[in-house]
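Asks: Sequence first, then the predicted structure:
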There are 4 protein chains.
Amino acid sequence: MADKANIGILGASGYTGSELLRLLLRHPRVDIALLTADRRAGQAMRDVFPQFSPYALPRLVAIDEIDWPSAGLDLVFCALPHGTTQTVIATLLEKAPRTKVVDLSADFRLSDPEAYARWYGHAHQAEALQREAVYGLVEVYRDKIKGARLVANPGCYTSCAQLPLVPLIRAGAIDTDEIVIDAKSGMTGAGRAAKEAMLFSEVSEGFNAYGVGHHRHMAELDQEFSKAAGRNVVPTFTPHLVPMNRGILSTIYVRGTDGKGPEELYAILADAYRDEPFVHVLPFGEMPHTRHVRGSNMTFLGVAKDRRPGRAIVGAALDNLVKGASGQAVQNMNLMLGFPEALGIDQIALFP
Amino acid sequence: MADKANIGILGASGYTGSELLRLLLRHPRVDIALLTADRRAGQAMRDVFPQFSPYALPRLVAIDEIDWPSAGLDLVFCALPHGTTQTVIATLLEKAPRTKVVDLSADFRLSDPEAYARWYGHAHQAEALQREAVYGLVEVYRDKIKGARLVANPGCYTSCAQLPLVPLIRAGAIDTDEIVIDAKSGMTGAGRAAKEAMLFSEVSEGFNAYGVGHHRHMAELDQEFSKAAGRNVVPTFTPHLVPMNRGILSTIYVRGTDGKGPEELYAILADAYRDEPFVHVLPFGEMPHTRHVRGSNMTFLGVAKDRRPGRAIVGAALDNLVKGASGQAVQNMNLMLGFPEALGIDQIALFP
Amino acid sequence: MADKANIGILGASGYTGSELLRLLLRHPRVDIALLTADRRAGQAMRDVFPQFSPYALPRLVAIDEIDWPSAGLDLVFCALPHGTTQTVIATLLEKAPRTKVVDLSADFRLSDPEAYARWYGHAHQAEALQREAVYGLVEVYRDKIKGARLVANPGCYTSCAQLPLVPLIRAGAIDTDEIVIDAKSGMTGAGRAAKEAMLFSEVSEGFNAYGVGHHRHMAELDQEFSKAAGRNVVPTFTPHLVPMNRGILSTIYVRGTDGKGPEELYAILADAYRDEPFVHVLPFGEMPHTRHVRGSNMTFLGVAKDRRPGRAIVGAALDNLVKGASGQAVQNMNLMLGFPEALGIDQIALFP
Amino acid sequence: MADKANIGILGASGYTGSELLRLLLRHPRVDIALLTADRRAGQAMRDVFPQFSPYALPRLVAIDEIDWPSAGLDLVFCALPHGTTQTVIATLLEKAPRTKVVDLSADFRLSDPEAYARWYGHAHQAEALQREAVYGLVEVYRDKIKGARLVANPGCYTSCAQLPLVPLIRAGAIDTDEIVIDAKSGMTGAGRAAKEAMLFSEVSEGFNAYGVGHHRHMAELDQEFSKAAGRNVVPTFTPHLVPMNRGILSTIYVRGTDGKGPEELYAILADAYRDEPFVHVLPFGEMPHTRHVRGSNMTFLGVAKDRRPGRAIVGAALDNLVKGASGQAVQNMNLMLGFPEALGIDQIALFP
């Protein structure tokens, strides 16, 4: 590979696509060679996202128009809807097997074909790739990601629950039968599809839970928490919608094992993330705000005492479009292509 | 008392004051005779809240200027800050003992002098009145309120937790050692005082928890839940701030006792509120949105299954300025003065 | 007609429909007998607007299912999209000629068939009714409205420009070649149709002009201003979208004729609206805020000096869903049915 | 000067201070050597802006504690309130005359002592510096800025009016007696001082004009427009507040001279800004959105036809904290220190 990698973005007309472009346009080791958007094929990027009007970018093409071998891509970000993704990536990797892929959909996150079929209602269409795919939460799977060809970028809600909980579960420090994750997300998490429930006037000045008792991100939580625990873990998880664009906050209720109190849980997290560039543990007792990570790839974690003895409240905040999606994806790319891990994703949060 | 009651509002320059005025200006049995605002004394109501510009209203006065006996007030709403309130009301009731009072502060909510001293750091200044005061959650204490002279209007967060939980606790249907209340409030709950953290630019486009592990509303929850249970109850409670003006949503995690599942808990709530004008239980599995009660005195409740067997998720939504404050206060007034309970507070929610 | 009028709402699943229902459910002289929503026929109102969940309402039906003569409706509000409206109303009035109609679409606002054809690109389908229709801006056409069978409710933007300007134009007090109307609207003005550009994430935290140089509301402005002036008037008009739900603010730049300054213009407006229940002129130099009329049928007007001599800045604020649509429609209904004009629409603004 | 410049920020606890820090922390040629905040002296930057929690930064000090000569600063950004600024900078430049200064206050923007005294009500306290100061709108005064020691960073509103209008005025293409600027700003423009009118609940869901007929930014407009025209120019200017954090939109109404139409005006702007890195002229007829420049140093301009012949509507959008303040300031610094002009300020807009 030359000094700069040739990069493609499949699905550039959605929010994770535009966010990838925001980051990659200023990434010093990347050339943007390909942008797709099937329904907007033939248009310029500025027609779907006017903020790119000043910049020279390839025109949007349809995926079917691409000749993968001659495209000469080092790495492709796939920001397509669930379902389509697995067949698109299977074709791509068959025709251009040396291209690397970071997939932002849910298609390759579940490694167990049965779990996939149970949660998505159909058999996976690319089982060999499903087995090959590496789960792309860098702080947990950094070494595996470095050598991977296909990385499944984690979900935004699950990233915001795994970063605070995986170290605690691995350490056996919390009762895994007693995990309650009350999660709140900004509206970009719902994507750019035109739905009545997502209109400004429906959303503004209101707050609600949704998907109560059943949300597909649960499958991913179950998988990763169970791996970390070495036993089956089924947390309670309730997502909510906040009238804001970006940000996820998880408020997590846990009980320490063997008399471990909030301070002990705090020490485990502080220790786990001491040298991580994108996870920051606040002083004990401080809780994170989503506004303080907006537009950045940073995750803020906090631990506080619960009134009920032996219990703690753990908070986590990240930007769902950055650390929860496109920033994480670039972090994965950096590892896969041998670039410095933080290259191009070290922006400071935009507040206010 | 004549056909119309003479009403005063102490503290008319705050949000609960203006909300009382919004409701009372159109209440058919009320004359607004007195409005106070110490720092704005001498000004017109339109100077502090321009929406009242078209309406004839008494000028704002300072509390010290009032001669209570000659004021001839049938009922006073007290929307003053905590602390000041108890001495103001003590004076008022000493000089005009036949005036009735609905107090919107926290001063008379705790009936136990020791609990008061513990949570507020000083002895109560009007202990006899503290004993006399009736806790003003109509759905729980309706009969007592009818005969009361001094009613302590409940807190907004606590109303939004008591309405869904008190019937379940009374029925012994949930494990009172396992209650987690994750609460989210709009910004008017923080009042109108000019604080940096409440500026638009600090609040907009962000979300956070606060008062984690220690919030004064906990004292009120402990008192009322313990009364309902007949034993000491200490719930976990975490408040959050939502970038919206009005609304509280409680997401509550509970475990049924004796194998009671979500459906049984639902039946208890549906039964308890069948004839209540201001509490509406949604169909099983549906969760409330704050937007659907905005500007109204209505509370929406919902119950859904948790993934963890034997557990349920209970949701509650109300408008913190109406059912959580001023609407509740007028509902109390209606009972205290013998008016129909819903008079003047039956507005339909303003959505969108 | 009995003590209560039988009312129908055609198009109850949009925002003007739900707003009509909010007002009419508490109107003391109205029974809601019919609600239509073609795509939601068979559903309950609570399914399309959950805030109505606690109230007993007729099920939604399709317009084609209605037998107009037997429906026994005294008055119908028509909140259907432009175009469909004219044929629906023609059918309705043919079959039930004694039913009265308040139409909230643009279909009957232009009285000139040629102007209609020019702006809408096709001939009007109900020209006789177009001639019969009375333009429903109460403050200008009150007497005509009282005797009308078909009233064309004015557009929201145009109401917010006509109320401040018509008295000035009628008085010959401003140069009608020099009118600049810079208008800003909340998002409910764009309706409930699911469009990408109206998604929360597209709208929030941003501001823009649209329809610059060409917007259909201009036709209505031209017509009414020209009538008021007795000569052809073509104002400059630029609409903008504000990231809020409700409210229109017009900032209007005018030049006084014959040396008339801002104070003289103010006096004309103050005089014109002295006794109007729903137009309030603020003290000279004060400008209106949309937040102070939210949820109310009130319009606030203000006049201030421009720095350029001989020129004034006129401001107007109203709630686009109330005085700009459904409140105005009920005001029209009250006149058409002989009720007190303010009945059921005298709510105080909801602020904050 | 070494490879990296030593930089200080006076007034780091306000929004322009934190925005400077966001940019400068990632600027490759800058070391942040000094941060002041008088009322927060002794605290860490994370205490006033928690988003900086992960980064190593100097502790906040009070200005009086600084020994300017030994501070060794190459350049100081002054983000202090109006008034204080002039004496602080006078002291600084007296004691450390080789330090360069970019001042973000209004203190040095007006070059005429009389105009200053008239608008600010007192004589300037540093008249020699007032004469020395260069007005820092790079696109107009680039060459002068390169050699300046003291640069007066322009106001946010005025930048958003000068960038679209100065080329038109210079070209004599518009009637300078007929300029109407209707400007709309996000709330960060009002700063971080805790004022009731700036509280979230006061601002959210509303829109209003303010400072009508008299706003200090007018002085700056008058000065720069008059310079560009070579005659006295007094535009009409009305600022409004938008319930969003960042962004200014100017909608400007102009009349072409000598029959010049919108297309000719467009050509002048397109030509003037062809090679500018931070001003982008949209295709004719397209109007800018603030959201598409959020967080970036970019200005978007648009020109459209007015309905009235011979008139045009010109739109401009920028982020008030970036191109309207801190980004512009860094652009000035880059010129003053001989760095590439776009260094460290070429971030792509954050949308959504």
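Replies: Done, it's in.
Asks: Specify the local secondary structure of A:Gln43.
Replies: coil (DSSP: H, G, I helix; E, B strand; the rest coil).
Asks: What is the neighbour count of it?
Replies: The tally of other residues near A:Gln43 (other CB atoms under 10 Å in any protein chain shown) stands at 14. In short, each C-beta sits where N, CA and C put it, glycine included.
Asks: List the residues that contact A:Glu65.
Replies: Counting by CB atoms under 8 Å, 6 or more residues apart in numbering or on different chains, A:Glu65 touches A:Ala41.
Asks: so A:Asn208 bridges to which residues?
Replies: With beta bridges defined as DSSP bridges, A:Asn208 has these partners: A:Leu241, B:His289.
Asks: wait, it sits on B:Glu286?
Replies: No. Between A:Asn208 and B:Glu286 there is no contact, the gap being 10.4 Å when judged by CB atoms under 8 Å.
Asks: Looking at those two, which one has more neighbours?
Replies: A:Asn208 (24 against 18).
Asks: what's the distance between that one and B:Phe300?
Replies: 10 Å (CB to CB, to the nearest Å).
Asks: Residues of chain A that sit close to chain D?
Replies: A:15, A:18, A:21-22, A:25-26, A:49-55, A:188, A:204-205, A:245-246, A:280, A:282, A:289, A:291-293, A:295-296, A:298, A:300, A:321, A:346-352 (CB under 8 Å from any CB of the partner chain).
Asks: buried stuff in stretch A:139-151?
Replies: A:139-141, A:145-146, A:148-151 (16 or more other CB atoms under 10 Å in any protein chain shown).
Asks: just so I have it, where are all the helices in chain A?
Replies: A:15-24, A:45-48, A:68-71, A:84-95, A:113-120, A:127-132, A:138-146, A:156-170, A:200-203, A:217-229, A:262-272, A:327-336 (DSSP state H).
Asks: Tell me the confidence at A:Met1?
Replies: In this model, A:Met1 is scored at 60, pLDDT.
Asks: same check, this time on A:Pro235
Replies: At A:Pro235, the pLDDT value in this model is 97.
Asks: With A:Leu104 instead?
Replies: A:Leu104 is given a pLDDT of 98.
Asks: Give me the neighbour count for it.
Replies: A:Leu104 has 30 neighbours, counted by other CB under 10 Å.
Asks: That one against A:Val330, yeah?
Replies: No. A:Leu104 is beyond contact range of A:Val330, at 10.9 Å (criterion: CB under 8 Å).
Asks: Show me which residues of chain A sit near chain C.
Replies: So chain A meets chain C at A:15, A:186-188, A:190, A:192, A:194-196, A:198-205, A:243-245 (CB under 8 Å from any CB).
Asks: Mean pLDDT per helix and strand in chain A: which one sits at the bottom?
Replies: Least confident helix or strand of chain A, by mean pLDDT, DSSP states H and E, is helix A:113-120 with a mean of 93.
Asks: do it and chain B meet at all?
Replies: No. Shown here: helix A:113-120 not in contact with chain B (CB under 8 Å from any CB), separated by at least 12.5 Å.
Asks: Next: stretch A:322-338.
Replies: No. Residues of stretch A:322-338 are not located near chain B by CB under 8 Å from any CB, the shortest gap being 13.9 Å.
Asks: So, low pLDDT: which residues of the stretch 1-150 of chain A?
Replies: Scanning the stretch 1-150 of chain A for pLDDT under 70 picks out A:1.
Asks: In space, what's closest to A:Gly14 - neighbours in sequence excluded?
Replies: A:Arg192 (5.0 Å; CB to CB, 6 or more residues apart in numbering or on different chains).
Asks: Please enumerate residues in contact with the least confident helix or strand of chain A?
Replies: Helix A:113-120 has contacts (CB under 8 Å, 6+ apart) with A:82-83, A:110, A:123-124, A:127, A:130, A:216, A:219, A:222-223.
Asks: hmm, 10 Å instead?
Replies: Contacts of helix A:113-120 with the rest of the structure, by CB atoms under 10 Å, 6 or more residues apart in numbering or on different chains, involve A:82-83, A:86, A:106-110, A:112, A:122-124, A:127, A:130-131, A:214, A:216-220, A:222-223.
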